[in-house]
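Novice: Sequence first, predicted model second:
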Amino acid sequence: MSTYNPRFYIEDAAKHDGQTVTIHGWVYNKRSSGKIKFLQLRDGTGLMQGVLVKGECEDTSFEEADKLTQESSVIVTGKLRKEPRSPGGYEMGVLNIKIQSIAEPYPISPKEHGVEFLMENRHLWVRSSKQHAALRVRWEIIRSIREFFDSNGFVLFDAPILTPSACEGTSTLFSTPYFDEKAYLTQSGQLYGEVGAMAFGKIYVFGPTFRAEKSKTRKHLTEFWMVEPEVAWNDLNDNMQLAEAFIQHIVQRVLEKRGAELKVLERDLSKLEKIRAPFPRIRYDEALKVLEKAGVGVPFGEDFGAPQESALGEAFDGMPVFIHRFPHEIKAFYFKRDPEDARFALGCDLIAPDGYGEIIGGGQREESAAVLKERIAEHKLPEKDYQWYLDLRRFGSVPHSGFGLGVERTVAWLCGLDHVRETIPFPRMINTIKP
Ligand code: 4AD
Ligand code: MG
């Protein structure tokens, strides 16, 4: 592989023990005790304490350090030495500082700010240590998602964002003028993913998806990223097996590679370390009994809300749990009905522990063109828009299944964050579209 390594980065400090290196970065914090000044520097990859000692540091640099404000940009040269008390295990004996730009008074200080203020300053907030850590965990999650599918022979199959019709019902569609027609922002790439499964056997769609959700909750965004594998010949059980192997891979990669970030986030690692496939699987009607016992029962035929998801997430000793075979009335048109009991659709949701809720939704698809036509009519969808989708059943139909994993809810769960707004650089919610 060709490499690109333009300059020293703090995360590589261990490779440069005892060497003189140059940090290109920003001032995170500073303090002084007479003849010694301390600069906490960040360069995007980590934090490093720079120690300025009068006489060891160049005189003008020592004087000019007083001018530095929070987030001023600097080029700092010095010698690295081991310091077990510092986060990365190293500190820098500073020899010289070149000031690139003195920052104006920075709006975000270590003191507490309200969330509204921080959200308005999201473009700056992402520099703060917890936000920074969460976004690096997000990056690792996305990398592990791709790694899992790529190394298991799934072909990446991109679905369009501008679409002519609905996938997940018509109540949460964003529409946009499209020349002389109307188009919708995709709610899910699934229907296109099914095209890919018939062409390539096993595929994954991965991209942004949109829901005009009026819900103001800690789990809902209007724009979120979803990864959607789809596999020809897989039934509902195969689908759950795929989902649990996939989740286990993501959790392990994050534990393996993002320990430092999880520490900044003060995540209780023991809860993640015990996540192991297979996960418990219970039918919707069994789940109703669990909920009844937990005091948050709902009548048969109703979907689960946050209290029910939380209760289910508690009920299995911190393990994610699959709920499968839902009343078909609460599921989308494309689900296959249970051949053993037509009241149920062959769906499966995966509920994360500790109140993080549904992170995966999916199931087995209807493979009969005739039945699917009935479903399209029942859901009052225009059949003409789904001709190409029906073609998949006309030309060599096979059983097939898939699911969608919401990236932001997964990030919230693994990071232990209260709200999905901190899991994506620029969250889009009912009242949030800036910056
Ligand atoms: O359960 P959903 O709606 O399923 C689908 O869209 C299927 N077509 C997927 C498939 O079978 N290929 O959404 C899947 C997941 C949810 O479990 C959740 O993690 C996430 O997407 N999700 C949201 N995340 C954030 N904000 C929202 N408004 C979300 N809606 C769904
Ligand atoms: Mg769902």
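Specialist: Noted; the coordinates are in hand. Ligands and ions are numbered 1, 2, ... in the order given.
Novice: D338 pairs with what?
Specialist: Legend: beta-bridge partners of D338 under DSSP bridges are D341.
Novice: which residues touch the nearest residue to E58 once chain neighbours are set aside?
Specialist: Among residues not flanking E58 along the chain, N96 sits closest, at 4.8 Å (C-beta to C-beta, 6 or more residues apart in numbering). Glycine gets a C-beta too; all of them are placed from N, C-alpha and C. With contacts taken as C-beta atoms under 8 Å, 6 or more residues apart in numbering, N96 has the following neighbours: C57, E58, S61, V76, T77, G78.
Novice: Assign a three-state SS to the last one, would you?
Specialist: What that stands for is G78. Under DSSP: H, G, I helix; E, B strand; the rest coil, G78 falls in the strand class.
Novice: give the contact list for it.
Specialist: Counting by C-beta under 8 Å, 6+ apart, the residues that G78 touches are T20, V21, I23, G50, M92, G93, V94, L95, N96.
Novice: Same check on the fourth one?
Specialist: For V76, the contacting residues are T22, I23, G25, L39, L41, G50, M92, V94, N96, I97, K98, taking C-beta under 8 Å, 6+ apart as the criterion.
Novice: Which members of those occur in strands, if any?
Specialist: Of the contacts of V76, the ones assigned to strands by DSSP state E are T22, I23, G25, L39, L41, G50, M92, V94, N96, I97, K98.
Novice: Which residue ranges of the stretch 251-400 of the chain form strands?
Specialist: 281-283, 321-327, 337-338, 341-352, 357-364, 400-406 (DSSP state E, counting those that start in this stretch).
Novice: element containing C167?
Specialist: Using DSSP states H and E, C167 falls within no helix or strand.
Novice: count of neighbours near it?
Specialist: Residues lying near C167 (other C-beta atoms under 10 Å) number 22.
Novice: Make 15 the first number, not 1, from now on.
Specialist: Okay, residue one is now 15; in that scheme the one you just asked about reads as C181.
Novice: Leaving out chain neighbours, which residue sits closest to it?
Specialist: That would be S202: by C-beta to C-beta, 6+ apart, it lies 4.4 Å from C181.
Novice: and the one you found, what are its phi and psi?
Specialist: Recorded main-chain torsions at S202 are phi -170, psi 140, according to degrees, to the nearest 10.
Novice: likewise P292?
Specialist: phi -80, psi 150.
Novice: Verify the stated contact: it with E258.
Specialist: Yes - when contacts are counted by C-beta atoms under 8 Å, P292 is listed as touching E258 (5.7 Å).
Novice: Could you check which of these two has the larger neighbour count?
Specialist: E258 (20 against 12).
Novice: if I pick the more buried one, what's in contact with it?
Specialist: Neighbouring residues of E258 by C-beta under 8 Å, 6+ apart: A291, P292, F293, P334, F336, L364.
Novice: any idea how far the closest residue to the fifth one other than its chain neighbours is from L431?
Specialist: In other words, F336. Of all residues not flanking F336 in the chain, R295 sits nearest, at 4.3 Å (C-beta to C-beta, 6+ apart). R295 sits at a distance of 27 Å from L431 (criterion: C-beta to C-beta, to the nearest Å).
Novice: what about those two, which has more around it?
Specialist: Using other C-beta under 10 Å, the more surrounded residue of R295 and L431 is L431, with 21 against 17.
Novice: what sits against that one?
Specialist: A148, L279, V425, T437.
Novice: of those residues, closest to ligand 1?
Specialist: Closest approach between these and ligand 1, by C-beta to the nearest ligand atom: T437, at 9.2 Å.
Novice: so the closest one makes contact with R152?
Specialist: Yes - in this structure, T437 is within contact of R152 by C-beta under 8 Å, at 6.1 Å.
Novice: Find the residues that touch each one of these two.
Specialist: V421, V425.
Novice: which bits of the stretch 65-214 of the chain sit near ligand 1?
Specialist: C181, E182, S202, Q204 (C-beta under 6 Å from any ligand atom).
Novice: and the gap between the residue nearest to the second one when sequence neighbours are not counted and G221?
Specialist: Nearest residue to E182, sequence neighbours excluded (C-beta to C-beta, 6+ apart): Q201, at 4.3 Å. Taking C-beta to C-beta as the measure, Q201 and G221 are separated by 12 Å.
Novice: Which one's more surrounded, these two?
Specialist: Q201 (23 against 14).
Novice: Now do the more buried one, the pLDDT please.
Specialist: Each residue has a pLDDT score; the one for Q201 is 96.
Novice: What parts of the stretch 265-414 of the chain come near ligand 1?
Specialist: So far as C-beta under 6 Å from any ligand atom goes, the stretch 265-414 of the chain lies against ligand 1 at E372, I373, I374, G375, G376.
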